[in-house]
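Asks: give me a 3D structure for the following:
(one chain, ligands or ions: 2)
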Amino acid sequence: MPLVIAHRGANLEAPENTLPAFERALAYSVHGFENDVHITADGVLVVIHDDTIDRTSNGTGLVCEMTYDQLMQYDYGSWFSPEFAGTKIPTLQEFFALCHELPLINVEIKAEPNGSKDAAAAVVKLAKECGVFDNLLVSSFDMDMLQNCLAEDPATRVAFLYAPDNEEACDEICDCPVTFAQKYNLSALHPFVPLCNPDFIEECCAAGIMVNPWTVNQEHAITALRNWGAHAVITDEPALAMGICC
Ligand code: G3P
Ligand code: MG
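Replies: Ligands and ions are numbered 1, 2, ... in the order given. Have a look, this model is predicted:
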């Protein structure tokens, strides 16, 4: 049975990538969380999806150009609902404290608009300090970010994220997913869900490469991936997925 990974927490019930969203996902007994991580101007790892805080807070600005103290001045809950007014931006350390017992902790490192790759080594170091390194799976659309994680510690489990807009990677993975994964020392492939088919999953599985598609929200898709042997599903619908996968 696939593991159920709550995408940005239970993001339909609470503001995405906040502690309330992850707490609500825990209530469904999910097997793991996916989050999105950026690094601040003063080197703090924070959990937020976009490059800027504009969409998910009452402030504006690029995360990588703001200090942690500056980011903490804003409200990351009211945009979603008044019930969550005053919600703060979580640090990755706070996130790890909440999910340290989960079997799969998927930290997605976002590419920074200023080109910084500092988050890669910092995520690996922090996971070790927090005792979650063994459960960590770092993913990124940015292959260099993953390679920097491996440079920090070759035992880091890394997953490449891809979608049809990355034609070059799609072609190479389609030709031979296992060769691609081995070439870059990947533990997993994270395809946009329409890119999956049973042969692809079977081939990866046989070689010990995990396939964890995103974002899988429909009953028929979750059921198909379960039947095809996906290692995990990354979903906005944790309750539905738990019903199908457990
Ligand atoms: O990690 C899967 C998925 O989250 C990738 O896309 O934009 O939702 O971070 P995005
Ligand atoms: Mg993500």
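
Asks: contact partners of the top helix by length along the chain?
Replies: Of all the segments of type helix in the chain, defined by DSSP state H, the longest one is helix 118-129. Outside helix 118-129, the residues within contact range by CB atoms under 8 Å, 6 or more residues apart in numbering are 37-39, 43, 45, 92-93, 96, 105, 107, 109-110, 112, 133, 136, 138, 145-146, 148-149, 151-153, 156. Backbone N, C-alpha and C define where each C-beta goes, glycine included.

Asks: cool, stretch 229-240 as well?
Replies: Around stretch 229-240, the neighbours that count as contacts under CB under 8 Å, 6+ apart are 2-8, 10-12, 25, 28, 30-32, 34, 104, 106, 188, 190, 196, 201-202, 205, 210-217, 219, 222, 225-226, 241, 245.

Asks: in helices only, show me those.
Replies: Within the contacts of stretch 229-240, residues falling in helices by DSSP H are 25, 201-202, 205, 219, 222, 225-226, 241, 245.

Asks: burial check on the residue nearest to Arg157 when sequence neighbours are not counted, number of neighbours?
Replies: Counting by CB to CB, 6 or more residues apart in numbering, the nearest residue to Arg157 once its immediate chain neighbours are dropped is Ser187, at 4.0 Å. For Ser187, the tally of surrounding residues (other CB atoms under 10 Å) stands at 20.

Asks: and if you look at the one 10 residues further on?
Replies: Other residues within reach of Asn197, judged by other CB under 10 Å, total 13.

Asks: next up, the contacts around it.
Replies: Trp228.

Asks: before we move on, what about Phe84?
Replies: Taking CB under 8 Å, 6+ apart, we find Phe84 in contact with 14-15, 18, 20, 77-78.

Asks: who wins on neighbours among those?
Replies: Of all the contacts of Phe84, the highest neighbour tally under other CB under 10 Å goes to Thr18, namely 26 neighbours.

Asks: next, the residue nearest to it when sequence neighbours are not counted: secondary structure please.
Replies: Taking CB to CB, 6+ apart as the measure, Thr18 lies nearest to Thr87, with 5.0 Å between them; neighbours along the chain are not counted. Here Thr87 is coil, with the state taken from DSSP: H, G, I helix; E, B strand; the rest coil.

Asks: for Thr87, give its distance to Glu108.
Replies: For Thr87, the distance to Glu108 (CB to CB, to the nearest Å) stands at 20 Å.

Asks: re earlier: would you list the ones in helices among the contacts of stretch 229-240 in TSV and tack on neighbour count?
Replies: As requested, the ones in helices among the contacts of stretch 229-240 are exported to TSV (neighbours: other CB atoms under 10 Å):
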residue	neighbour count
Ala25	29
Ile201	24
Glu202	13
Cys205	15
Glu219	13
Ile222	25
Leu225	26
Arg226	16
Ala241	30
Cys245	20
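
Asks: now that we have those, can you turn them into TSV and tack on distance to ligand 1 and pLDDT?
Replies: Conversion of the ones in helices among the contacts of stretch 229-240 to TSV gives the following (distance: CB to the nearest ligand atom, whole Å; pLDDT from 0 to 100):
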residue	distance to ligand 1	pLDDT
Ala25	14	98
Ile201	17	98
Glu202	22	97
Cys205	20	97
Glu219	20	98
Ile222	15	98
Leu225	14	98
Arg226	18	98
Ala241	14	98
Cys245	17	97
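
Asks: nearest to Asn166, of the residues you listed?
Replies: Proximity of the ones in helices among the contacts of stretch 229-240 to Asn166, judged by CB to CB, is greatest for Ile201, which lies at 19.2 Å.

Asks: not counting sequence-adjacent ones, nearest residue to Asp54?
Replies: Counting by CB to CB, 6+ apart, Asp54 lies nearest to Thr60, which is 5.0 Å off, once chain neighbours are set aside.
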